[in-house]
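Trainee: what's the 3D shape of this:
(chains A, B, C and D)
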Protein chains: 2
Amino acid sequence: MEHRIERIKKQLHAQSYKLTPQREATVRVLLEREEDHLSAEDIYLLVKEKAPEIGLATVYRTLELLSELKIVDKINFGDGVSRYDLRKEGAAHFHHHLVCMECGTVEEIVEDLLEEVELIVEEGWGFQVKDHRLTFHGICRDCQPKQD
Amino acid sequence: MEHRIERIKKQLHAQSYKLTPQREATVRVLLEREEDHLSAEDIYLLVKEKAPEIGLATVYRTLELLSELKIVDKINFGDGVSRYDLRKEGAAHFHHHLVCMECGTVEEIVEDLLEEVELIVEEGWGFQVKDHRLTFHGICRDCQPKQD
DNA sequence: CTTATTGCAAAGCATTTGCATCGTG
DNA sequence: CACGATGCAAATGCTTTGCAATAAG
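Mentor: Coordinates of the predicted model:
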């Protein structure tokens, strides 16, 4: 955890950005809740517990900054809200998501799974793939018994 | 084209919705611009050419209705705007998109390509896949020579 | 005829921005 | 100490809603 904060601090400094207490608090929340897919508002409320003076605008600005540096990815599951997801360490690609249509839970898939599909797209469409977004909508394991 | 309008009319009636002139004009715009990925505002302006009295709210309401009936899909490429995309006739799944990071063009992929990945997800994660969203971000064929 | 649908304007949200102030490097 | 970063409040922009008027089946 401290190790990852250090890393991020270096990434910021490399672009001559500062790691302010507000930014650090925000990053800590993201690290602690890595499994979740928090909205800016969610993050704001959690950061406020550590640093009560923080403003929502700062959280937005920090998240935008972290997005630029590819430390977090901004995703959108179709409700009107953006969610922010920490990149896995050393991950070349963004990971995938399983959204349950029943209970709303979001599961993550870290495995690539798309290598072959990307090859097909590069060769068949002449499109040079840089990144991807893949989300499956369906029924998660826990909700399936409830289905008849 | 008329055939597809008829089909949609039937789908509406099946749920006891009416095919008003405003709704028909909206559907016609979607059919005419099937390749594009129009925002509600875009659609509104185009519908206005056919039916100048229409209100933006009606366009939103119509698009929401068509979404419910799975006639269109609502997508979001990360700018703050929702875009609306007509489902291909008889397509079991939503089609994929290639978004060019250079020129912003959006290309469509009608081929499934995910059959195998979905199998892996169903078996490995116990997740019953109902639908998917797949978007690749990268450089399209036309923009590649312009690179470096 | 009845009830869904419309248009307009106002309201609602998530996100962004202006600006004076503050604090990091 | 300079300049980037912050907090607040106001502004923005997309989308939704309330309501009286209208029209489809």
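Trainee: what's the burial count for the closest residue to A:Ile120 other than its chain neighbours?
Mentor: Excluding its sequence neighbours, the residue lying closest to A:Ile120 (C-beta to C-beta, 6 or more residues apart in numbering or on different chains) is B:Leu113, at 6.3 Å. Yep, even glycine has a C-beta here, placed from its N, CA and C like the rest. B:Leu113 sits with 19 neighbouring residues when counted by other C-beta atoms under 10 Å in any protein chain shown.
Trainee: what's the answer for A:Val99, then?
Mentor: 21.
Trainee: looking at it, it is touching A:Thr135, isn't it?
Mentor: Yes - at 6.0 Å, A:Val99 counts as touching A:Thr135 under the criterion of C-beta atoms under 8 Å.
Trainee: Can you check which residues contact both of the two?
Mentor: Both A:Val99 and A:Thr135 are contacted by A:Phe77, under the criterion C-beta atoms under 8 Å, 6 or more residues apart in numbering or on different chains.
Trainee: top strand in chain A by residue count?
Mentor: Longest strand in chain A, counting residues (DSSP state E): strand A:128-139.
Trainee: close to chain B, is stretch A:50-60?
Mentor: No - Stretch A:50-60 does not reach chain B (C-beta under 8 Å from any C-beta of the partner chain); its nearest approach is 12.8 Å.
Trainee: so where does A:Leu19 fall, helix or strand?
Mentor: Secondary structure assignment for A:Leu19, by DSSP states H and E: no helix or strand.
Trainee: The one 5 residues further on now?
Mentor: When secondary structure is defined using DSSP H and E, the element that contains A:Glu24 is helix A:21-32.
Trainee: check whether the longest strand of chain A contacts chain B.
Mentor: Yes - residues of strand A:128-139 contacting chain B under C-beta under 8 Å from any C-beta: A:128-139.
Trainee: what are the pairing partners of that strand, and which direction each?
Mentor: Paired strands of strand A:128-139, with direction, are strand A:96-100 (parallel), strand B:128-139 (antiparallel) (DSSP bridges).
Trainee: Any idea how far stretch A:115-124 is from the middle of the chain?
Mentor: 25 Å (C-alpha atoms, centre = their mean, to the nearest Å).
Trainee: Touching it from outside, list them.
Mentor: A:127-129, A:132, B:98, B:109, B:113-114, B:116-117, B:136.
Trainee: tell me the contacts of A:Tyr17?
Mentor: Counting by C-beta under 8 Å, 6+ apart, A:Tyr17 touches A:Leu65.
Trainee: and it, which of the three is it?
Mentor: coil (DSSP: H, G, I helix; E, B strand; the rest coil).
Trainee: Would you mind measuring from it to DNA strand D?
Mentor: 4 Å (C-beta to the nearest atom of the strand, to the nearest Å).
Trainee: Can you pull the residues of chain A lying near DNA strand C?
Mentor: Residues of chain A found near DNA strand C (C-beta under 7 Å from any atom of the strand) are A:18-21, A:39-41, A:56-57, A:60-61, A:64, A:80-82.
Trainee: Among these, the buried ones, what's the ChimeraX command?
Mentor: What follows is the ChimeraX syntax for the buried subset of the residues of chain A next to DNA strand C, where burial is set by 16 or more other C-beta atoms under 10 Å in any protein chain shown:
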select /A:19,39,40,82
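Trainee: Between the residues of chain A next to DNA strand C, which sits nearest B:Met1?
Mentor: When the residues of chain A next to DNA strand C are compared for distance to B:Met1 (C-beta to C-beta), A:Gly80 comes out closest, at 33.0 Å.
Trainee: Confirm that that closest one sits in a helix.
Mentor: No - per three-state DSSP, A:Gly80 lies outside any helix segment and is coil.
Trainee: Now for it: which residues touch it?
Mentor: Taking C-beta under 8 Å, 6+ apart as the definition, A:Gly80 has no contacts.
Trainee: Now do the phi/psi pair for it.
Mentor: phi -70, psi 10 (degrees, to the nearest 10).
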